[in-house]
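K.L.:
Sequence first, predicted model second:
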Amino acid sequence: MSEFSLESFAERIHYGKTKDYFQEVLSSYQNRNYRSAVVMLWSVAVCDIVYKLQNLVDLYDDAVAKLILDGLTALQDSDPKSSAWEIKLIDDTYNKTNLLDSLEYENLRYLQKQRHLSAHPILNSNRELHEPNKETVRALIRNTLEGLLIKPPFYTQKITDELLEDIAEAAPTLNTREKVKRYVESRYLSRLKLDVELSIYRTLWKLVFKLENQDCIKNRAINFKVLEVISNRQHNDILEKIKGEIDYYSNISLCPQNLDFVVFYLSKNRDFYEVLNESAKLKVQHHIENTDIGRVCAWFLKDSLEDYYVDMIALIEGSSHLSFTDNQLKYLLEISDTAEWQRLFCKLLSIYYCASKNFNQADLRFQQAISPYLDLFDKEALFFLVQRIEGNDQVYRRGAAFEDHEKVKQKFIQLHDEELDLKPYPHFKDNVTKE
């Protein structure tokens with residue numbers, strides 16, 4: 001492991017003015033002026049907290065940050081020569097915001113004590129000024145860098161309200177999961193401590209999966225996407241949080257629209273489902289049994305993906321004549337990244353396409369389910385597709401079959417550098433044989 005570098009960490013300081021001031025700390029330390037380094041380091045830390053609080057006021061009109069700064073100004077005006085405001089600033093920032101945790105707060109209080117010893121003529125028994133040693137000063141600098149200076153502004157206790165209002169307003173432009181991820185991570189999550197992020201997650205769970213008021217309905221989709229982002233970032237910690245509050249997280253709505261989101265989410269987080277209480281599981285199971293979306297997402301209740309595959313065939317070929325959306329097909333592909341599931345997925349696509357009831361449906365399903373995924377088909381899956389085509393005249397007799405099925409043939413040749421033996425498949429052969 002490489003040695004911790006004060007210089008490299010100094011380059012990561014968030015604010016330009018703080019970075020400039022910190023150079024004086026480094027210079028004093030490197031020149032063995034340890035008292036001066038400690039005195040300046042305290043000043044830099046205090047200034048950096050002020051800058052961060054002011055940033056929250058300027059960018060987010062943060063009321064708590066403004067209150068702290070107003071109190072600081074009042075103290076300075078009432079007694080310009082007193083430094084009491086410095087300690088109050090640290091205390092208020094710790095008590096009223098999420099900028100400092102308990103360890104970082106104690107480190108700053110220790111820094112303040114060392115600064116006091118270094119800045120005042122405090123003599124030891126030998127009538128010598130206090131001088132911190134190199135190791136102590138280096139530790140103070142490192143703790144202040146890691147615990148404060150290199151971190152961007154965090155948010156106060158109203159962060160959840162700020163985030164919800166912001167993403168609701170930005171929802172029209174955050175129209176993909178990737179955009180949502182980039183937005184909330186850069187603007188919020190990268191600046192937050194774990195406990196704050198988990199607190200936001202807890203609130204979002206209730207808004208998405210439980211409540212049914214007008215605002216929740218309007219913003220459910222964007223709130224759900226943010227919930228997903230946090231889940232992917234903090235999966236293990238969230239699982240432990242759910243285990244610790246099972247009844248809270250099991251309190252989900254019976255509304256079908258809410259349950260669509262619940263089932264989809266749990267299908268991506270199977271271990272979350274397993275720790276919910278029985279009442280929540282019964283709601284989920286009922287929804288899965290009685291809705292198409294539920295059935296599509298039901299793989300996480302099956303003993304194996306093969307069992308799920310068999311159930312999906314029954315749905316496609318059964319009386320309900322299940323039709324997939326483009327997003328549902330993408331979802332099916334992403335259930336597992338194994339080669340075995342990819343092959344089963346391709347077979348499901350073939351079954352879906354070849355279950356078409358008329359020419360128009362077959363035209364649409366080839367463009368939706370076969371053409372975009374043809375590169376995923378291996379030799380076995382291609383043969384399976386050809387066999388299925390052979391069994392449905394609504395597939396092989398349509399006008400577009402000649403062009404579409406030629407793509408299947410060329411894919412086989414591309415993969416295996418050999419011709420496809422078409423003798424067992426006369427109808428498919430008619431499609432791809434040029435006169």
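P.N.:
Everything's here; your move.
K.L.:
For this structure, just list every one of the strands.
P.N.:
Read by DSSP state E, the chain holds no strands at all.
K.L.:
And for stretch 30-50, what's in contact with it?
P.N.:
14-15, 17-18, 21-22, 24-25, 28-29, 69, 72, 86, 89-90, 93, 99, 108, 111-112, 114-115, 118-119, 129-134, 136-137, 140-141, 144, 148-149 (Cβ atoms under 8 Å, 6 or more residues apart in numbering). The way it works is simple: take the backbone N, C-alpha and C, and place the C-beta from them, glycine included.
K.L.:
ChimeraX command to pick out the buried ones of those?
P.N.:
Here is the ChimeraX command that selects the buried residues among the contacts of stretch 30-50 (16 or more other Cβ atoms under 10 Å):
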select :14,15,18,21,22,24,25,28,29,69,72,86,89,90,93,99,108,111,112,114,115,118,119,130,132,137,140,141,144,148,149
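K.L.:
Give me the domain ranges for the chain.
P.N.:
Following automatic domain parsing, the chain resolves into domains at 6-149, 160-290, 302-435.
K.L.:
Give me the subset of the contacts of stretch 30-50 lying in helices.
P.N.:
Using DSSP state H, 17-18, 21-22, 24-25, 28-29, 69, 72, 86, 89-90, 93, 108, 111-112, 114-115, 118-119, 134, 136-137, 140-141, 144 are the members of those that sit in helices.
K.L.:
what about Asp311, distance to Pro132?
P.N.:
70 Å (Cβ to Cβ, to the nearest Å).
K.L.:
Ignore what I typed, I meant Val310.
P.N.:
From Val310 to Pro132 the distance is 72 Å (Cβ to Cβ).
K.L.:
contacting residues for Lys379?
P.N.:
By Cβ under 8 Å, 6+ apart, the contact list for Lys379 reads Phe412, Leu415, His416.
K.L.:
excluding its backbone neighbours, what's nearest the second one?
P.N.:
The shortest distance from Leu415 to any residue other than its chain neighbours is 6.5 Å, reached at Lys379 (Cβ to Cβ, 6 or more residues apart in numbering).
K.L.:
for the last one, same thing?
P.N.:
The shortest distance from His416 to any residue that is not its chain neighbour, by Cβ to Cβ, 6+ apart, is 6.1 Å, and that residue is Lys379.
K.L.:
my guess is Cys13 meets Leu148, correct?
P.N.:
Let me fix one detail, which is that residue 13 is Ile and not Cys. No - if you go by Cβ atoms under 8 Å, Ile13 and Leu148 don't touch, sitting 9.5 Å apart.
K.L.:
Neighbours of Leu6, how many?
P.N.:
The tally of other residues near Leu6 (other Cβ atoms under 10 Å) stands at 16.
K.L.:
Can you give me the distance of the residue nearest to it when sequence neighbours are not counted to Ile49?
P.N.:
Using Cβ to Cβ, 6+ apart and skipping the chain neighbours, the partner closest in space to Leu6 is Ile141 (5.9 Å). Ile141 sits 16 Å away from Ile49, going by Cβ to Cβ.
K.L.:
Could you pull out the helices in the stretch 151-300 of the chain for me?
P.N.:
159-170, 177-187, 194-209, 214-233, 235-244, 246-250, 256-268, 270-275, 278-290, 292-296 (DSSP state H, counting those that start in this stretch).
K.L.:
Looking at the ones you listed, spot the one closest to Val57.
P.N.:
Closest to Val57 of the helices of the stretch 151-300 of the chain is helix 159-170 (Cβ to Cβ; 12.5 Å).
K.L.:
and the angle from that closest one to helix 194-209?
P.N.:
Here helix 159-170 points in a direction 50 degrees away from that of helix 194-209 (axes from the mean of the first three to the mean of the last three Cα atoms, to 10 degrees).
K.L.:
buried ones in helix 159-170?
P.N.:
Within helix 159-170, judged by 16+ other Cβ under 10 Å, the buried ones are Ile159, Thr160, Glu162, Leu163, Leu164, Ile167.
K.L.:
Same check on stretch 244-262?
P.N.:
Within stretch 244-262, the residues that qualify as buried by neighbour count (16+ other Cβ under 10 Å) are Tyr249, Ser250, Asn251, Ile252, Ser253, Asn258, Leu259, Asp260, Phe261, Val262.
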